[in-house]
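Visitor: okay, sequence plus prediction incoming.
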Amino acid sequence: MPDLSADLAQQKQKLREKLRFRRRHFAANLDEMTRRIAFRAPPAPLAGILNAHNSIGAYAACGGEPDILPMLALWTDEGRIALPHHADRIDTMTFRHWQSGDALVKGPWSTSQPTDTNESTSPGLILCPLVGFDRHGGRIGQGGGHYDRYFAAHPAALRIGIAWSVQEVDTVPSESTDIALDAVLTEQELIITGDRL
Ligand SMILES: Nc1nc2c(c(=O)[nH]1)N(C=O)[C@@H](CNc1ccc(C(=O)N[C@@H](CCC(=O)O)C(=O)O)cc1)CN2
Ligand SMILES: Nc1ncnc2c1ncn2[C@@H]1O[C@H](COP(=O)(O)OP(=O)(O)OP(=O)(O)O)[C@@H](O)[C@H]1O
């Protein structure tokens, strides 16, 4: 009998590679004006959602990921932003408070993260970087399962994915451990994908 889970993992990996390539090229080829305005300010409904949360999980962009920290400056100044943190490659991902002026250091997965002395927090809203998405809340990430495991352990936290519009596909192959997004923000629109917003 064919191993369906191995097949699904393989399908996801193929899609991940294709979409990483697309993300990198799209981001590298943006014209100057689009680069300046994309993700510059949250659309009004999102600003309202951000205002309703005292702790907001964001990320320090790498590769072709949209840089959302400028858009979050207001909430950063109010001390409401937290960033993912890994103690090592085995430990689970957590979030730590981060303010402008605080250091960002290279974590075990080569992404930038707050230092070990920044305080831990459990954000009520998480803005997570995507490799791919669909309009039903399907999400594909870097393949580590870090966000999937975090979402499973913190189901009440709202989940908003961040992506360039070219990262959309019809349907992301879904595994039993995948947890759907509540919304996706692209440079073009805020797509509500769940019934919690
Ligand atoms: N900016 C950012 N921060 C983040 C993540 C992320 O995706 N982006 N993470 C998400 O989980 C966590 C870090 N974990 C990660 C786990 C694996 C890879 C990874 O496999 N990277 C690829 C390179 C990706 C590319 O070329 O675009 C690699 O090393 O081969 C990256 C991050 C938390 N912080
Ligand atoms: N809640 C969970 N408990 C245990 N394993 C999990 C859980 N969620 C995901 N995984 C495992 O993690 C691995 C990667 O999952 P997946 O391919 O969905 O990653 P991803 O969604 O692209 O990555 P990420 O969640 O870091 O953005 C898979 O082997 C998956 O079975």
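Guide: Okay, I see it. Ligands and ions are numbered 1, 2, ... in the order given.
Visitor: can you tell me how far the residue nearest the centre of the chain sits from ligand 2?
Guide: Nearest to the mean C-alpha position of the chain, by Cα atoms, centre = their mean, lies Cys128 at 1.4 Å. Counting by Cβ to the nearest ligand atom, to the nearest Å, the separation of Cys128 from ligand 2 is 7 Å. Using the backbone N, CA and C atoms, a C-beta is placed for each residue, glycine as well.
Visitor: so that residue, which state does it fall into?
Guide: At Cys128 the chain is in strand, as set by DSSP: H, G, I helix; E, B strand; the rest coil.
Visitor: just use 27 as the starting number from now, easier for me
Guide: Yes, from this point I'll number from 27; that puts the last item at Cys154.
Visitor: mind checking which helix or strand the closest residue to it other than its chain neighbours is in?
Guide: Nearest non-adjacent residue to Cys154, counting by Cβ to Cβ, 6 or more residues apart in numbering: Tyr173, 5.2 Å away. If you go by DSSP states H and E, Tyr173 is part of helix 172-179.
Visitor: which parts of that helix are buried?
Guide: His172, Tyr173, Tyr176, Phe177 (16 or more other Cβ atoms under 10 Å).
Visitor: contact partners of the helix or strand that it is followed by?
Guide: Remark: after helix 172-179, the chain's next helix or strand is strand 184-188, criterion DSSP H and E. For strand 184-188, contacts defined as Cβ atoms under 8 Å, 6 or more residues apart in numbering pick out 65, 72, 75, 79, 85, 91-92, 94, 150-156, 159, 165, 177, 205-211, 222-223.
Visitor: type out the ChimeraX command that picks the buried ones from those.
Guide: To isolate the buried members of the contacts of strand 184-188 in ChimeraX, using 16+ other Cβ under 10 Å:
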select :65,72,75,79,85,91,92,94,150,151,152,153,154,155,156,159,165,177,206,207,208,209,210,211
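Visitor: among the contacts of strand 184-188, which are in helices?
Guide: Within those, residues falling in helices by DSSP state H are Leu72, Ile75, Phe177.
Visitor: need the contact list for the last one.
Guide: By Cβ under 8 Å, 6+ apart, the contact set of Phe177 is Ile152, Ala183, Arg185, Ile205.
Visitor: let's see that with 6 Å instead.
Guide: Arg185, Ile205 (Cβ atoms under 6 Å, 6 or more residues apart in numbering).
Visitor: got it, and Leu153?
Guide: Per Cβ under 6 Å, 6+ apart, neighbours of Leu153: Ala84, Ile186, Ile188.
Visitor: quick one: which of those is nearest to Arg46?
Guide: Comparing the contacts of Leu153 against Arg46 with Cβ to Cβ places Ile188 closest, at 14.9 Å.
Visitor: who does the closest one bridge with?
Guide: Ile188 has these beta-bridge partners by DSSP bridges: Pro155, Leu211.
Visitor: just give me the neighbour total for it.
Guide: When neighbours are counted by other Cβ atoms under 10 Å, Ile188 registers 24.
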